[in-house]
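> turn this into a model:
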Amino acid sequence: MTWIWIWIWIMLAVSALAQTAVPSASTSASPEPSSPTAPAPPPQAQPPPSPSPPTGAAAAAGMRGSLEKQRQAVRRQAELVGAWMLPFEGSHYVDTPCDPIEDAVVTPMIEGAARAQRVESKLLRAVIDQESGFHPCAVSSRGAQGLMQLMPETASQFSVRNPLDPRENIEAGARYLKQLVDRYNGNLPLALAAYNAGPARVDESGGIPDIPETRDYVESILGKLRAKDPDPPKSPIPKPVKN
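I've put the predicted structure just below:
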C-alpha cells in the first residue's frame, strides 16, 4: 500500500514537472496585432485649368474691342465739355465743324509761350497747324486734346486743368516740345518724331521710327518751317451787313 502511494506521488511530481516545461499559449511569442488600416484620404480636387491667353485672331479682336471702348469713353468726355470729335485722315484733321481760333487771338499766346520756353514761335505755329489746324476744341479718337493735341498723360504731367483752353494747351505743349528738343540735343526731327510717336519709340528705333504717319508728320512740319510762314488760321468771313 505504501508503494502505491509512493508511486502516485512520483507520477504527480513528474506530471507537475512536465507542465512547467511546456510553455503556455498565453506566453508564446505572437506577432503584434496589426493596426486597423487607415482609410485612404479623399482625392484632392484639382483646380480648374487657367484659361490660356488668346492668340492670333482672338487676341486681335480683343485689342480692337478694348480700343473701341477707350474711344467711346473719350467721345463721351468730349461731348460733356462741348468739344467736337475731329475726323482723322493720315496725319491731318479734316472737315471739322469747330471754327479755328482767330489769328489775332492765338498769335499772342504762341509768342508768349515761345518766349517762355525759348523756342521759335514759327515752330509752335507749325506744330499747332499740323496737330489741330488751329481748332481749339479738337479731340482725336486717341484722346489727344486741344490746339497742340495733348495726350491725357502729358496734360497731367504739366498740371493742365483744361486741355481745351487755348492758352493752357499752348503753354503745356510748348514746354513738352522744349523738353523733347533738349532731350535730343537740339535734333528737331527726333523731337518732332517723339512728339508724335512718343520718346520710347524714338529711343527704341534710334531715330525716326519707321511709321508712315510719324515720317509724314515730321516731314510736313519741317516743310512748313522751310516755307516763308505757315498759313495762319482762317477766320470765318463776316457776312456783309445789309443796310
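
> alpha carbons only for contacts and neighbour counts from here, please
Fine.

> what residues of stretch 98-105 count as buried?
Buried residues in stretch 98-105, counted by 16 or more other C-alpha atoms under 10 Å: P100, I101.

> quick one: end-to-end length of it, please.
Stretch 98-105 has an end-to-end distance of 16 Å (criterion: C-alpha to C-alpha, to the nearest Å).

> cool, and stretch 193-205?
Note: stretch 193-205 ends 11 Å apart using C-alpha to C-alpha.

> list the buried residues for that stretch?
Result for stretch 193-205 [16+ other C-alpha under 10 Å]: buried residues A193, A194, Y195, N196, A197, P199, R201, V202.

> over to stretch 220-230?
S220, I221, L222, K224, L225, P230.

> reformat those residues into a markdown table and put distance to R167, pLDDT and secondary structure next to each item.
Putting the buried residues of stretch 220-230 into a markdown table (distance: C-alpha to C-alpha, whole Å; pLDDT from 0 to 100; DSSP: H, G, I helix; E, B strand; the rest coil) gives the following:
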| residue | distance to R167 | pLDDT | secondary structure |
| --- | --- | --- | --- |
| S220 | 24 | 97 | helix |
| I221 | 21 | 98 | helix |
| L222 | 24 | 97 | helix |
| K224 | 22 | 96 | helix |
| L225 | 22 | 96 | helix |
| P230 | 20 | 47 | coil |
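
> in TSV: these, plus distance to N162.
As requested, the buried residues of stretch 220-230 are exported to TSV (distance: C-alpha to C-alpha, whole Å):
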residue	distance to N162
S220	28
I221	26
L222	29
K224	28
L225	29
P230	26
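
> ok so, going back, from the buried residues of stretch 193-205, which land in helices?
A193, A194, Y195, N196, A197, P199, R201, V202 (DSSP state H).

> quick one, helices of this structure?
Counting by DSSP H, the helices of the chain are 2-21, 57-80, 103-117, 121-132, 152-157, 166-183, 188-197, 199-205, 212-226.

> which one of the ones in helices among the buried residues of stretch 193-205 sits closest to L124?
Of all those, Y195 has the smallest distance to L124: 12.1 Å, by C-alpha to C-alpha.

> got the contact list for the closest one?
L177, L180 (C-alpha atoms under 8 Å, 6 or more residues apart in numbering).

> number the chain from 3, please
Fine by me, first position is 3 from now on; the one you just mentioned is Y197.

> what distance do you get for it to D101?
25 Å.

> what's the closest non-adjacent residue to P165?
Distances taken as C-alpha to C-alpha, 6 or more residues apart in numbering place N171 nearest to P165, at 5.4 Å, with adjacent residues excluded.

> OK, contacts around that neighbour?
Taking C-alpha under 8 Å, 6+ apart, we find N171 in contact with G148, L149, M150, L152, V162, N164, P165.

> out of those residues, flag the one nearest to H137.
Proximity of the contacts of N171 to H137 (C-alpha to C-alpha) peaks at L149, which lies at 5.9 Å.
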